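Trainee: give me a 3D structure for the following:
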Amino acid sequence: MSKKNKQSKRQPVPAEGGEAVKDEITAVGLKIIAGGVAIIVLGFVVLSRADAMGGNWAANLSPFLILGGYLVVGLGIFAPEKLSFGDDPVPSPGLSDQE
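Mentor: Got it, this is the predicted structure:
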């Protein structure tokens, strides 16, 4: 006779002193994902124009559109709520106004 492997369900461990992190897709991320899905659909529409031998422009362009669309969807999943470029609240050392 064999023993039944009984595994207890793991209980989540509360974080000590850490912030609560939301695991949701942001509004910006949803827009990026929608754009990625549109690129994927465009890729399949272009693929329908490809010839059987794969020698025309549609056969060369469609794989890049489809894979690029999937890449954009993946980036949209991890997109933060606000994108900030160049907003450095901490001044860089050596770039002070004092001489």
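
Trainee: pLDDT below threshold where in this structure?
Mentor: Where the chain drops to pLDDT under 70, the residues are 1-3, 6, 8-15, 17-22, 83, 86-99.

Trainee: try 90
Mentor: Applying pLDDT under 90 to the chain flags residues 1-25, 54, 79-99.

Trainee: where do the helices sit along this protein?
Mentor: 27-47, 57-77 (DSSP state H).

Trainee: what is the burial count for the nearest residue to residue 81 once chain neighbours are set aside?
Mentor: Ranked by Cβ to Cβ, 6 or more residues apart in numbering and with sequence neighbours excluded, the top spatial neighbour of residue 81 is residue 26, at 4.6 Å. Any C-beta I mention is one placed from the backbone N, CA and C, and that applies to glycine too. Neighbour count for residue 26, taken as other Cβ atoms under 10 Å: 16.

Trainee: can I assume residue 26 is in contact with residue 78?
Mentor: No: Residue 26 lies out of contact with residue 78 (Cβ atoms under 8 Å); the separation is 9.5 Å.
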